[in-house]
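Peer 1: kindly return the folded structure for what I paste below:
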Amino acid sequence: MTRMTPDQQIKELEERLKSDPDCGITLYNIGVNYLAKRDFEKAKHYFQEAIRKNSDIAEAYVQLGGLAMNEGDLDGCFSYNQMASKVRHRFAVPHGNMGFVHLQRNEVDKAIASLKRAISFDPKFVQAHATLGSAYLMQGDVDGCIAQSDKAIELESTFGPAYNNKGLALMEKKDYAGAAECFKKARETGYEVAREVLDELEAGLGATEKS
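Peer 2: Numbers count the residues shown, from 1 in each chain. Alright, predicted model coming up:
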């Protein structure tokens, strides 16, 4: 069976909307397809319309939060995800996203609380596990970062950010060989390890060889 393109799906959904113009789910799905086309303005319009017709569509708030983040609007991202969490309290994704925003604001304790909440609602939420690893590292809890990164890797063996976090934590412990292996795996997944990190690793490996 041939999968429909976003344009074909939009056309079909628009036809469906003619018979039920107040259907928030249909509006939301049109928005998702515009998102797939990277037409962010139209996606935003349809997500907003979806909420206007049905204020309980938590996913629409999350999508709007993602679009706000894409524009560099941390406050907007946080606000939309907060609304999503109020609409559906046990929805893990908005709590994870709020944790990420807290981390960007250097509010590490708040980030950890939000991320732990997200994981309590969805123990297999890989992104939340990895972001929690970052939060622990920022807090200075190197072992906590390693443990959390390992959990993310256990759930998804090709999740580059978790390998990167673990590598950074191992460098803090002066385990440069272990860090090198983590960064190698991170890069194999397509994750781009920061140049300054690789320079620091090279210096550390060099110093280890001399000693």
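
Peer 1: how about the helices of this structure, start to end?
Peer 2: 6-19, 24-36, 40-53, 58-70, 74-87, 92-104, 108-121, 126-139, 142-155, 160-172, 176-188, 195-210 (DSSP state H).

Peer 1: the fourth one packs against which elements?
Peer 2: Counting contacts by 3 or more Cβ pairs under 8 Å, 6 or more residues apart in numbering; DSSP states H and E, helix 58-70 is packed against helix 24-36, helix 40-53, helix 74-87, helix 92-104. The way it works is simple: take the backbone N, C-alpha and C, and place the C-beta from them, glycine included.

Peer 1: per-residue confidence for M4?
Peer 2: M4 carries a pLDDT value of 88.

Peer 1: ok, now E209?
Peer 2: So, for E209, pLDDT stands at 68.

Peer 1: repeat that for M1.
Peer 2: On the pLDDT scale, M1 gets 56.

Peer 1: ok, D109 - how many residues close by?
Peer 2: Other residues within reach of D109, judged by other Cβ atoms under 10 Å, total 10.

Peer 1: looking only at pLDDT, what's the mean for stretch 93-111?
Peer 2: 98.

Peer 1: list the contacts of the spatially closest residue to H129 that is not a sequence neighbour.
Peer 2: Distances taken as Cβ to Cβ, 6 or more residues apart in numbering place A152 nearest to H129, at 3.9 Å, with adjacent residues excluded. The contact partners of A152, by Cβ atoms under 8 Å, 6 or more residues apart in numbering, come to V126, H129, A130, G133, F159, P161, A162.

Peer 1: report the contact partners of the last one.
Peer 2: Spelled out, that is A162. V126, H129, A130, G133, S149, D150, A152, I153, E156.

Peer 1: ditto for the fourth one
Peer 2: Neighbour list for G133: G144, C145, I146, Q148, S149, A152, A162, N165, K166, A169 [criterion: Cβ under 8 Å, 6+ apart].

Peer 1: my guess is Q127 contacts H95. True?
Peer 2: No: if you go by Cβ atoms under 8 Å, Q127 and H95 don't touch, sitting 11.3 Å apart.

Peer 1: pick out the residue nearest the middle of the protein.
Peer 2: Compute the mean C-alpha point of the chain, and by Cα atoms, centre = their mean the closest residue is Q127, 5.3 Å away.

Peer 1: which non-adjacent residue is nearest that residue?
Peer 2: G96 (6.0 Å).

Peer 1: S114 is in contact with that neighbour, correct?
Peer 2: Yes: between G96 and S114 there is a contact under Cβ under 8 Å: 7.3 Å.

Peer 1: quick one: low-confidence ranges for the protein?
Peer 2: 1-2, 209-211 (pLDDT under 70).
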